[in-house]
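# 3D, please:
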Amino acid sequence: MTLAEALDRLPSLRLTVEAAGLMAKKALGQNFLLDRNITDKIIRLSLEKQNLENYRGAAVFEIGPGPGGLTRAVLSAEPDIFTVIEMDERCIALMEQLREICGERLQIVNGDALQFDFAAPSPLPRHIVSNLPYNISVPLLVGWLKQIDKFRSLTLMFQKEVADRIMAAPGNKDYGRISILSQLQCRVEKLFDLNPQCFVPAPKIWSSVLLFRPRENLLTAKEIKNIEHLTTLAFGQRRKMIRQSLKAVPALEEKVSRLNIPLTARAEELTPGQYLELARLL
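Residues are numbered from 1 along each chain as shown. Have a look, this model is predicted:
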């Protein structure tokens, strides 16, 4: 029997949750995705966009697997190593049940994803696939973007309003710091949106699944630091012209003149590329 066949024989996620008496905890940002069709669609579309048939030969990470809906879909794509990071002891017990079927390829970490070293040396290409806990989604993403050279892809679910911020273009009200860092480091593509009714319990907002693939020319550590500094200043006073919001930048007028950026521009009017050019002059 193949692993996929063994997984298909498991009780449905809804029955698994009911049998375990597993209620989502708001404090952990939990909203469970129990529809197998949706979890399979996430993995199928992500792999198709990457021109991959499966995750063989790769290491995959998942944060907050919950009852294991997305976990089962990833396992069916046969990664060499699949690491799940979960804080909820109740969900750890369900992960242990999955490991009885798939063996040591499933590695279970009972801990805080914000403290986990995703970039530890590994001979295998790495992917992250996760329905992210809403309360830590942006800090996790920023950490991964700063080390994006360590990953082949990130397939991540966010609140739709966060996803809109990540993908926002200059001039859009949602455009901001996370838009700039994401778009400079990655090609970001939306796979699809999810209705609140897809989740248990149903949140009040829609969700979106995004695929991040690293760009060929990545930022240096110094460029990231300078971009973070500039965008903190600029978007801290986003309605003001940059002559005011960026006045702490030495020789600002000379620098923006070299780049043909008007001092009357506001934070949301500069492109990610212009922020990078300015960061290189710091």
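# so who does residue 256 touch?
242, 262, 263, 278 (Cβ atoms under 8 Å, 6 or more residues apart in numbering). For the C-beta atoms, the positions are set from N, CA and C on the backbone; glycine is no exception.
# Out of those residues, which comes closest to residue 146?
Nearest to residue 146, judged by Cβ to Cβ, of the contacts of residue 256 is residue 278 at 19.1 Å.
# tell me the domain boundaries of this protein?
Using automatic domain parsing, the domains assigned to the chain come out as 3-214, 221-279.
# ok, and for stretch 210-218, which residues are buried?
The neighbour-count check on stretch 210-218 (16 or more other Cβ atoms under 10 Å) flags 210, 211, 212, 213, 214, 218 as buried.
# Mind exporting the C-alpha coordinates of it to PDB?
Output of stretch 210-218 as PDB, limited to C-alpha atoms (Å, rounded to 0.1, in the frame of the first residue of the first chain):
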ATOM      1  CA  LEU A 210      -0.100  33.100  -1.800                       C
ATOM      2  CA  LEU A 211       2.900  31.500  -3.500                       C
ATOM      3  CA  PHE A 212       6.300  33.100  -2.900                       C
ATOM      4  CA  ARG A 213       9.200  32.200  -5.200                       C
ATOM      5  CA  PRO A 214      12.700  33.800  -4.600                       C
ATOM      6  CA  ARG A 215      14.000  36.200  -7.200                       C
ATOM      7  CA  GLU A 216      17.300  35.700  -8.900                       C
ATOM      8  CA  ASN A 217      18.900  38.800  -7.500                       C
ATOM      9  CA  LEU A 218      18.300  38.900  -3.800                       C
END
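# what about residue 160, how many neighbours?
Residues near residue 160, counting by other Cβ atoms under 10 Å, number 16.
# Look at it and report its pLDDT.
Listed pLDDT for residue 160 reads 97.
# Surely it touches residue 207?
Yes. Residue 160 lies in contact with residue 207 (Cβ atoms under 8 Å); the separation is 5.9 Å.
# what touches both of those two?
Joint contacts of residue 160 and residue 207 (Cβ under 8 Å, 6+ apart) are residue 193.
# Residue 62 in helix, strand or coil?
What DSSP: H, G, I helix; E, B strand; the rest coil gives for residue 62 is strand.
# wait, what's in contact with residue 2?
Going by Cβ under 8 Å, 6+ apart, residue 2 touches no other residue.
# what's the distance between it and residue 120?
As judged by Cβ to Cβ, to the nearest Å, residue 2 and residue 120 stand 30 Å apart.
# swap in residue 263?
For residue 263, the distance to residue 120 equals 45 Å [Cβ to Cβ].
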